[in-house]
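Colleague: Using only what follows, build the 3D model:
(4 chains)
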Protein chains: 4
Amino acid sequence: MPTATDMQRRVEASFAKQGLMRVVEARVAEVAPGRCVIEAPFRKTLTQQHGYLHAGVLTTIADNAMGYAALTLMPPGHDVLTAELKINFLRPAQGALAIARAEVLKPGRTLTVARAEVWMRGDDGAETLCAAVQATLVSSAP
Amino acid sequence: MPTATDMQRRVEASFAKQGLMRVVEARVAEVAPGRCVIEAPFRKTLTQQHGYLHAGVLTTIADNAMGYAALTLMPPGHDVLTAELKINFLRPAQGALAIARAEVLKPGRTLTVARAEVWMRGDDGAETLCAAVQATLVSSAP
Amino acid sequence: MPTATDMQRRVEASFAKQGLMRVVEARVAEVAPGRCVIEAPFRKTLTQQHGYLHAGVLTTIADNAMGYAALTLMPPGHDVLTAELKINFLRPAQGALAIARAEVLKPGRTLTVARAEVWMRGDDGAETLCAAVQATLVSSAP
Amino acid sequence: MPTATDMQRRVEASFAKQGLMRVVEARVAEVAPGRCVIEAPFRKTLTQQHGYLHAGVLTTIADNAMGYAALTLMPPGHDVLTAELKINFLRPAQGALAIARAEVLKPGRTLTVARAEVWMRGDDGAETLCAAVQATLVSSAP
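Modeller: Coordinates of the predicted model:
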């Protein structure tokens, strides 16, 4: 059983290799067995045509949060890839910080199913649910 | 009936407002009634942990291509938003250029359904299908 | 504000018109604002090739549960249709009773987003999560 | 390499075990490598509240068509299950016959991605596209 520190380290190591995560200035805010939270600040450079945070950014951090939530339940050395995801955009992504909270719904040796929700937190700390995601992840043995 | 030039202009105007499109260096390669092609070059800054183009980038350009494909069929002044999308990642996104080709499957006054495919083109010009997408778009009157 | 009885009556009236619901012997087990539970018994006539309840049956009752969950939040006279749904099949549907529990995630004048989970209850009363669903519903004015 | 007859036999054998296929009176209309067509007649007993063929029936035959399309590309003895599917309902399912046409988009040892379209054919032979589906299938070794 990996320790919490092992798990955190493993997620951080993978995260650091993702160029896109630096571009969107994302960070791993929380890792726990079957759960992961990733945050990214609102940036004008990452908007869509109405000035809201782009759907692509919400999808990116949700995808990562689900992937790492799945990774926490896999044996050391295994890797995880997103086979597919489905995302509903519920409200315009307005606010200071995007927060993707993911959890594993069904772990599996080959396939893992996870869900995520993306919230926008305003300067006042209030959060709005902006996207809901459901995905299938596939693990690969070393 | 908008002319081809009107249509192209409308798509380009919206596209130019999207900060994220500059970040991923995307461009509108083609616009036709019910169709749109968007391309983005491979960049090391936009990768995932194995060095392939990030799923978030593929999703972003596919999302845009579907949105603009839908927009071409809407009355002037209308806008389009992605209600939801589902994307299957078929192969690692390796290559020099990502190409998202979208087409409208079913236009509608309120809801439009579109599909997209994302291909990676290598330096040799050969293309590989890397993602398949199906989405629901919602139009908003002015 | 419709009373609980109005709401229940409205759902039951629509449900009774659905031929397929009789074929799968489904019943509305619960209706509340933004929520609906529909159940269907295991029947050998409704199986797939391994003798489990067919994915089509799980999808059917989940679809209905989400539709009625959405309907409870709409003005009288409005109707609701499923624009699209995505379902993950998590485990074989073994057991005596299938239970689809749906709730609205984001109500809207035009679009409503809902989630459902389908559980199988065994003869011993234990429940297993067999499917997870996320859907977009569209309301139509009278 | 299995012969066309082997393939057809294999699909028919599995199909015959599915109770639900008899209930919806479905039949395998066509099988080819990576493709499958399944048809089901309109029946008043299989309707939704407006008298159209129920979304659950469209999903059921599309699911089966994709599953068998995937099965045609798998080694003998392997079985296939639907991991997840996403379906957009495009138009009311009016007409005499529902036709689900599926094809494999990306075959794989573990995961196969397929698409399907469900058409309704009227008494005059004209067909209308009523649903578009994209799914992930998982193969299981014997």
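Colleague: A:Arg43 contacts A:Glu25, correct?
Modeller: Yes - between A:Arg43 and A:Glu25 a contact is recorded at 6.7 Å, counting by C-beta atoms under 8 Å. The way it works is simple: take the backbone N, C-alpha and C, and place the C-beta from them, glycine included.
Colleague: Work out the sheet partners of the helix or strand hosting A:Cys130 and label each with its direction, please.
Modeller: Using DSSP states H and E, A:Cys130 sits in strand A:127-140. Strand A:127-140 pairs in its sheet with strand A:79-89 (antiparallel), strand A:111-121 (antiparallel), by DSSP bridges.
Colleague: Indicate which one of the ones you listed is closest to C:Gly67.
Modeller: strand A:79-89 (15.9 Å; C-beta to C-beta).
Colleague: For the next helix-or-strand element following that closest one, which strands pair with it and how are they oriented?
Modeller: Using DSSP H and E, the helix or strand that follows strand A:79-89 towards the C-terminus is strand A:97-106. If you go by DSSP bridges, strand A:97-106 pairs up with strand A:35-41 (antiparallel), strand A:111-121 (antiparallel).
Colleague: pull the CA atoms of the last one into PDB?
Modeller: Okay, so that is strand A:111-121. Provided in PDB are the C-alpha atoms of strand A:111-121 (Å, rounded to 0.1, in the frame of the first residue of the first chain):
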ATOM      1  CA  LEU A 111     -10.800   0.400 -16.800                       C
ATOM      2  CA  THR A 112     -11.500   3.000 -14.200                       C
ATOM      3  CA  VAL A 113     -14.600   5.300 -14.300                       C
ATOM      4  CA  ALA A 114     -14.300   8.700 -12.700                       C
ATOM      5  CA  ARG A 115     -16.400  11.800 -12.400                       C
ATOM      6  CA  ALA A 116     -15.300  15.400 -11.900                       C
ATOM      7  CA  GLU A 117     -16.900  18.700 -11.300                       C
ATOM      8  CA  VAL A 118     -15.300  22.000 -12.200                       C
ATOM      9  CA  TRP A 119     -16.100  25.000 -10.000                       C
ATOM     10  CA  MET A 120     -15.200  28.700 -10.400                       C
ATOM     11  CA  ARG A 121     -14.400  30.500  -7.200                       C
END
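Colleague: Quick one: distance of that strand to the chain centre.
Modeller: Relative to its chain's centre, strand A:111-121 lies at 7 Å (C-alpha atoms, centre = their mean, to the nearest Å).
Colleague: mind listing what's buried in that strand?
Modeller: Buried residues in strand A:111-121, defined by neighbour count with 16 or more other C-beta atoms under 10 Å in any protein chain shown: A:111-121.
Colleague: Which helix runs longest in chain A?
Modeller: helix A:55-71 (DSSP state H).
Colleague: right, is that helix up against chain C?
Modeller: No - using C-beta under 8 Å from any C-beta of the partner chain, helix A:55-71 stays clear of chain C, with a minimum separation of 12.3 Å.
Colleague: do that helix and chain B meet?
Modeller: Yes - part of helix A:55-71 sits near chain B under the criterion C-beta under 8 Å from any C-beta, namely A:55-57, A:59-60, A:63.
Colleague: Contacts only, for the residue nearest to A:Ala141 when sequence neighbours are not counted.
Modeller: Excluding the flanking residues, the one nearest A:Ala141 by C-beta to C-beta, 6 or more residues apart in numbering or on different chains is A:His78, at 6.0 Å. For A:His78, the contacting residues are A:71, A:139-142, by C-beta atoms under 8 Å, 6 or more residues apart in numbering or on different chains.
Colleague: what's the answer for A:Thr112, then?
Modeller: A:70, A:73, A:80, A:104, A:106, A:136-139.
Colleague: Can I get the buried part of these as one ChimeraX selection?
Modeller: Selecting only the buried entries of these in ChimeraX, with 16+ other C-beta under 10 Å as the criterion:
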select /A:70,73,80,104,106,136,137,138,139
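Colleague: Between the contacts of A:Thr112, which sits nearest chain C?
Modeller: Checking those against chain C by C-beta to the nearest C-beta gives A:Lys106 as the nearest, at 4.3 Å.
Colleague: So, low pLDDT: which residues of chain A?
Modeller: Residue ranges of chain A with pLDDT under 70: A:1-4.
Colleague: surely A:Val80 meets A:Ser140?
Modeller: Yes - look at A:Val80 against A:Ser140 with C-beta under 8 Å: they come within range, at 7.5 Å.
Colleague: Not counting residues beside it along the chain, what's closest to the most centrally placed residue in chain A?
Modeller: With distances taken as C-alpha atoms, centre = their mean, chain A has A:Ala65 as the residue nearest its mean C-alpha position (2.1 Å). Once flanking residues are discounted, A:Ala65 sits nearest to A:Ala102: 3.6 Å by C-beta to C-beta, 6+ apart.
Colleague: For A:Val113, give the beta-bridge partners.
Modeller: Following DSSP bridges, A:Val113 is listed with bridge partners A:Lys106, A:Thr136.
Colleague: Please give me every residue in contact with it.
Modeller: The contact partners of A:Val113, by C-beta under 8 Å, 6+ apart, come to A:104-106, A:134-137, C:88, C:90, C:132, D:84.
Colleague: cutoff 6 Å now
Modeller: Contacts for A:Val113 (C-beta atoms under 6 Å, 6 or more residues apart in numbering or on different chains) come out as A:105-106, A:136, C:88, C:90.
Colleague: Look up how far chain B lies from it.
Modeller: As judged by C-beta to the nearest C-beta, to the nearest Å, A:Val113 and chain B stand 14 Å apart.
Colleague: can you check A:Ala114 too?
Modeller: Distance of A:Ala114 to chain B, given as C-beta to the nearest C-beta: 14 Å.
Colleague: Just flag the most distant two among the buried residues of strand A:111-121.
Modeller: Largest pairwise distance in the buried residues of strand A:111-121, by C-beta to C-beta, is 32.0 Å, between A:Leu111 and A:Arg121.
Colleague: follow-up on the earlier one: export the contacts of A:Val113 as a markdown table, with columns for distance to B:Ala29.
Modeller: Output for these, formatted as a markdown table (distance: C-beta to C-beta, whole Å):
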| residue | distance to B:Ala29 |
| --- | --- |
| A:Leu105 | 38 |
| A:Lys106 | 40 |
| A:Thr136 | 30 |
| C:Asn88 | 34 |
| C:Leu90 | 40 |
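Colleague: ok, of those, which one's closest to A:Ala96?
Modeller: Closest approach between the contacts of A:Val113 and A:Ala96, by C-beta to C-beta: A:Leu105, at 29.2 Å.
Colleague: Quick one: neighbours of the closest one, just the number.
Modeller: Residues near A:Leu105, counting by other C-beta atoms under 10 Å in any protein chain shown, number 19.
Colleague: cool, A:Pro33 as well?
Modeller: The local packing of A:Pro33 (other C-beta under 10 Å) involves 14 other residues.
Colleague: Distance of it relative to chain B?
Modeller: 21 Å.
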